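Asks: Mind folding the following:
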Amino acid sequence: MENNCVLVKLSPEISLKTNYVRGYFLTKLISNIKQVVRAKKLSGNRIVRGGGRLYIFPKDKQKVMGLCLALKGVFGVSFVAPCKLVLSKSRSEIMDAALSVALDFIKPGDTFAVRLKNTLEKSFSSREFEATLGSKIISKIKNLKVNLDNPGKKLSIEVGPKGCFLYVEEIQGLAGLPLGCEGNVAVFFEGKKEELAAAFLMMKRGCNIFPVSTNFSTELKVHVNKLVKFNSFRSFKFSTLDELDELVSKKDISVKAIVFSNDSYSKQLSEQKQNFSLAVYWPLLFAPKGMLKETLVMIDGD
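Replies: Below you'll find the predicted structure:
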């Protein structure tokens, strides 16, 4: 299948917002996406909104997979899929296009499923379309089995006002909220791996982070910069604790809270809270078992 588009499914948290808030979040998300594609030298794309999705059309079709891999690291993205746009809403034309993709993708001996999402009112039944297409695939390819729960191969079809989008691969994104939609926080660093996880979780909740420390050595900056790829490849502003008041008072920054990486309750938490006039957050405190390890694996991954 020759892919000509990238389908971006939004985090459910965005889709459930009111129209005004969703519009604000989408503006932030699109800005972050544009920043990432510039950093990856993948610019030259048209971005279209619609139905809980973003559709990205690159001028160079060879960049489709590169875009997908870049966008999987953007907060607010549930999944991305390299896909083919068919400029038709006709049931027969969509059926022919989907069958062509299936015959190229599904092989003898596979288990498979067909999934259709049709947002066009009173056009055709999704369930009937899936059953008909499934029967046609089985008649063309030997030794196939339908497995609706855990298929080895899945053909997804989305039909809406923008046309028909066909895809056979979904790349998991970070989900969460778009970076920057929930304001700015300072995160205290001294070189512990837990600090990266705490900062990552605040970023996933839509916060821009401003690293602070008693002293930023070269090694400590390298430690913090492991998060740059999740910061839409924007550089961090490093500040000392003595400069925290400046981060609070500057109108273009206006830090609202400071974040620490404590993962268990101790007397130190009370001391931290008393030492700052800001709100104090401990995102790892009472975190589910295994979440720290999973988060660190994600940070260290490609």
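Asks: alpha carbons only for contacts and neighbour counts from here, please
Replies: Noted.
Asks: D110 is in contact with K142, isn't it?
Replies: No. If you go by C-alpha atoms under 8 Å, D110 and K142 don't touch, sitting 9.3 Å apart.
Asks: Of these two, give the one with the bigger neighbour count.
Replies: It is D110, of D110 and K142, that has more neighbours when counted by other C-alpha atoms under 10 Å, with 16 against 12.
Asks: For that one, give its distance to I171.
Replies: Per C-alpha to C-alpha, to the nearest Å, D110 is found 21 Å from I171.
Asks: Let me see the contact set for A197.
Replies: By C-alpha atoms under 8 Å, 6 or more residues apart in numbering, the contact set of A197 is 261, 284, 292, 295-296, 299.
Asks: roughly how far apart are G206 and V8?
Replies: To V8, G206 is 18 Å away according to C-alpha to C-alpha.
Asks: which is the next helix or strand following the strand ranked longest in the chain?
Replies: Longest strand of the chain, by residue count under DSSP state E: strand 77-86. Sequence order places helix 91-105 as the next helix or strand after strand 77-86, per DSSP states H and E.
Asks: what element comes up after that next one heading to the C-terminus?
Replies: Using DSSP H and E, the helix or strand that follows helix 91-105 in sequence is strand 111-118.
Asks: list the helices and strands the helix or strand bottoming out on mean pLDDT in the chain packs on?
Replies: Here the helix or strand of the chain ranked lowest by mean pLDDT, DSSP states H and E is helix 267-274, holding a mean of 75. When contacts are defined as 3 or more C-alpha pairs under 8 Å, 6 or more residues apart in numbering; DSSP states H and E, helix 267-274 sits against strand 279-281.
Asks: The strand it packs on: which residues count as buried?
Replies: By 16 or more other C-alpha atoms under 10 Å, the buried positions in strand 279-281 come out as 280-281.
Asks: and it, which strands flank it?
Replies: Strand 279-281 has the following strand partners under DSSP bridges: strand 257-259 (parallel).
Asks: Could you give the separation of the partner strand from the chain centroid?
Replies: Chain-centre distance of strand 257-259: 24 Å, with C-alpha atoms, centre = their mean, to the nearest Å.
Asks: do stretch 235-248 as well
Replies: 28 Å.
Asks: what does that stretch rub up against?
Replies: With contact meaning C-alpha under 8 Å, 6+ apart, stretch 235-248 is reached by 209-216, 225, 228, 253-256.
Asks: ok, back up a step: what angle sits between the longest strand of the chain and helix 91-105?
Replies: Between strand 77-86 and helix 91-105, the angle comes out at 110 degrees (axes from the mean of the first three to the mean of the last three C-alpha atoms, to 10 degrees).
Asks: For this structure, just list every one of the helices.
Replies: Here the chain has its helices, by DSSP state H, at 12-15, 19-39, 64-71, 91-105, 126-140, 193-204, 218-224, 244-249, 267-274, 291-300.
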